[in-house]
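Novice: only geometry, no sequence info:
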């Protein structure tokens with residue numbers, strides 16, 4: 001029996017001696033312990049890597065003016081400037097000028113340049129950091145060897161990339177770059193990227209949603225559209241970083257709707273200003289025009305420090321909004337030369353795109369000053385006619401000119417040129433007697449007398465009557481926009497035959513004295529007819545001198561005939 005037990009034990013131990021079996025058990029236990037230790041240490045390592053993500057936030061690892069490693073995962077190494085050895089990178093490490101970075105298989109890194117730019121590096125990439133000194137700070141240049149990176153920049157022209165294919169300047173936005181021995185591909189996922197080719201120095205602008213591929217020869221291909229969502233999907237491992245960067249820096253302000261309250265101009269709230277034609281009329285106590293405008297307003301809710309605002313005056317002038325006293329934001333600018341101006345307040349997103357939050361129109365009409373300017377314009381018009389200054393008419397007659405007879409700016413310029421060639425000693429006396437101000441335009445009621453000598457100096461032409469000039473400010477210059485009676489030169493052009501006569505006059509209401517429009521004027525016994533305009537005036541050209549009966553008729557007024565009206569030749573002996 002004892003021999004049988006011994007035999008069974010030997011079979012159970014696979015024929016090994018007892019001390020050997022104990023040694024194997026010991027080694028197995030040690031191997032299990034080592035394996036457990038490795039697994040536990042890896043768990044701690046990956047946990048520490050994952051833990052780095054929520055701790056890195058705006059104002060944490062993002063250090064202004066420094067290139068900092070905010071996340072590294074896997075085998076990421078750094079070779080410092082002047083050394084040959086590669087050392088592992090750790091979170092929070094600051095990279096210096098000339099430092100090189102390598103990521104191996106399944107290794108990723110995120111770098112921050114200041115507080116407004118992030119660089120995402122994918123596996124099997126090699127880059128070198130070069131800091132370029134500028135007036136007040138440094139500009140970062142990334143030299144790419146074999147690399148695949150995405151740059152999220154919120155400071156314009158703060159990050160460049162260099163390769164043997166050329167230089168890329170990432171402005172405000174996100175751009176990905178793939179560089180290897182055979183090609184370089186630049187994709188503008190958000191914003192625009194400028195590329196300067198190494199082959200010939202040409203510059204190529206890559207707009208948002210387009211990619212530029214440069215072949216091994218250095219020759220670029222045509223721009224191609226790509227899917228922006230797919231490109232971000234390629235960088236999905238960095239999704240949490242991109243999202244956090246957008247939220248922590250500036251994109252969160254896009255969701256904030258600001259409301260402007262308590263608007264003041266020169267310390268007076270605008271709700272106290274009268275409104276004319278939808279415009280706030282700026283007035284002062286002594287009825288004078290201010291030299292400067294201090295525009296102030298409050299914002300609700302209170303914006304963060306990094307939120308920027310701008311004030312646009314018209315289309316071209318832009319002023320930076322600054323914080324003032326008593327929770328007011330303010331802009332101080334000189335009074336525009338035009339009487340009407342429009343103010344737009346924009347908030348700027350992280351890509352410097354303006355988003356309008358306020359718009360209003362203002363008028364600084366001082367009627368006396370506007371009247372003086374209109375009088376100066378009328379005086380300069382009279383002088384331009386006397387001097388036959390065609391340049392004046394091209395400059396001070398609006399390109400939008402259109403009178404009640406359908407004449408345009410081209411018609412005005414053409415007729416004026418012809419008349420000034422065919423007449424001498426042109427005199428244009430204008431007497432303004434009434435001024436109206438409507439929607440930023442000045443209506444000037446005038447009486448005028450226009451005389452001129454014919455080119456042979458034998459006859460003098462004369463025309464007189466009433467008219468309404470419409471003047472408008474365009475780019476700070478007062479210009480003639482329209483006339484009621486058409487072009488005064490048109491009559492001179494029509495009556496160039498001085499042997500003929502013309503019939504003209506004005507029809508008014510006997511009781512009120514107001515001009516009558518739409519009165520039919522008929523020369524009895526002839527085919528000559530005319531209809532009075534809005535000023536009650538009429539004119540008939542090219543009639544034979546002599547005596548005529550003139551008939552006036554209008555519904556509701558009956559018929560009146562003026563008999564034996566004598567007409568003389570238009571040309572009068574000088």
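Specialist: Done, it's in. Predicted model, so just to flag it, every value in this text is computed and none were measured.
Novice: so where do the helices sit in this structure?
Specialist: 2-12, 18-55, 228-234, 239-248, 367-386, 390-396, 409-422, 488-494 (DSSP state H).
Novice: so residue 343 touches residue 357, yeah?
Specialist: No. If you go by CB atoms under 8 Å, residue 343 and residue 357 don't touch, sitting 11.7 Å apart. For every residue, glycine as well, the C-beta is placed using N, CA and C.
Novice: okay, those two: which has more neighbours?
Specialist: residue 343 (22 against 16; other CB atoms under 10 Å).
Novice: Can you name the residues that contact the residue nearest to that one when sequence neighbours are not counted?
Specialist: Leaving aside its chain neighbours, residue 343 sits nearest to residue 360 (5.7 Å; criterion: CB to CB, 6 or more residues apart in numbering). Counting by CB atoms under 8 Å, 6 or more residues apart in numbering, residue 360 makes contact with 263, 270, 280, 342-343.
Novice: which of those residues has the most neighbours?
Specialist: residue 343 leads those on contacts (other CB under 10 Å) with 22 neighbours.
Novice: what's that residue in contact with, if anything?
Specialist: Neighbour list for residue 343: 295, 311-313, 358-362 [criterion: CB under 8 Å, 6+ apart].
Novice: Can you read off the pLDDT for it?
Specialist: Predicted confidence (pLDDT) for residue 343: 91.
Novice: What's opposite it in the beta bridge?
Specialist: Beta-bridge pairing for residue 343 (DSSP bridges): residue 313, residue 360.
Novice: Break the protein down into its structural domains.
Specialist: 2-52, 56-248, 263-363, 366-488, 497-574 (automatic domain parsing).
Novice: Buried deepest among those domains, which one?
Specialist: Of all those, domain 56-248 has the most neighbours on average by mean count of other CB atoms under 10 Å, namely a mean of 18.
Novice: Which of the contacts of residue 360 sits closest to residue 101?
Specialist: The closest of those to residue 101 turns out to be residue 343 (CB to CB; 48.9 Å).
Novice: The closest one and residue 475, how far apart?
Specialist: 18 Å (CB to CB, to the nearest Å).
Novice: again with residue 318
Specialist: Taking CB to CB, one finds residue 318 at 17 Å from residue 475.
Novice: just residue 187 next, same as before
Specialist: Distance from residue 187 to residue 475, by CB to CB: 42 Å.
Novice: Mean pLDDT lowest where, among the helices of the chain?
Specialist: Among the helices of the chain, helix 2-12 scores lowest, with a mean of 41.
Novice: got CSV for the contacts of residue 343, with pLDDT too?
Specialist: Compiled in CSV, the contacts of residue 343 are given as follows (pLDDT from 0 to 100):
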residue, pLDDT
295, 93
311, 93
312, 91
313, 87
358, 91
359, 90
360, 89
361, 88
362, 87
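Novice: right, and residue 501 touches residue 565 too?
Specialist: No. Contact criterion CB under 8 Å: residue 501 and residue 565 do not qualify, at 10.4 Å.
Novice: Under the pLDDT cut-off, which ranges of the stretch 251-400 of the chain? List them.
Specialist: 251-255, 283-288, 305-306, 338-339, 350-351, 365-368 (pLDDT under 70).
Novice: ok, now with 50
Specialist: 251-254 (pLDDT under 50).
Novice: centre of the chain versus stretch 433-452, how much separation?
Specialist: 37 Å (CA atoms, centre = their mean, to the nearest Å).
Novice: what's the straight distance from one end of it to the other?
Specialist: 24 Å (CA to CA, to the nearest Å).
Novice: Residue 535: what's it in contact with?
Specialist: Contact analysis of residue 535 by CB under 8 Å, 6+ apart lists 466-468, 484-485, 506, 515, 517.
Novice: Could you find the closest non-adjacent residue to it?
Specialist: Residue 535 sits nearest to residue 515 (CB to CB, 6+ apart), 5.0 Å away.
Novice: Find me the pLDDT at the one you found, would you?
Specialist: At residue 515, pLDDT is 83.
Novice: distance of it from residue 171?
Specialist: 63 Å.
Novice: now do residue 210
Specialist: Look at residue 210 and residue 171: by CB to CB, they are 14 Å apart.
Novice: And for residue 414?
Specialist: Counting by CB to CB, the gap from residue 414 to residue 171 is 49 Å.
Novice: What of residue 307?
Specialist: Residue 307 sits at a distance of 20 Å from residue 171 (criterion: CB to CB).
Novice: which ones are touching residue 465?
Specialist: 447-448, 485, 504, 506, 537.
Novice: where does it land on pLDDT?
Specialist: At residue 465, pLDDT is 77.
Novice: bridging residues for it?
Specialist: residue 448.
Novice: what do you get for residue 429?
Specialist: Beta-bridge partners of residue 429, as defined by DSSP bridges: residue 449.
Novice: Let me see the confidence value for it.
Specialist: Reading off the confidence values, residue 429 has pLDDT 86.
Novice: Just list the residues touching it, thanks.
Specialist: Residue 429 neighbours (CB under 8 Å, 6+ apart): 382, 448-450.
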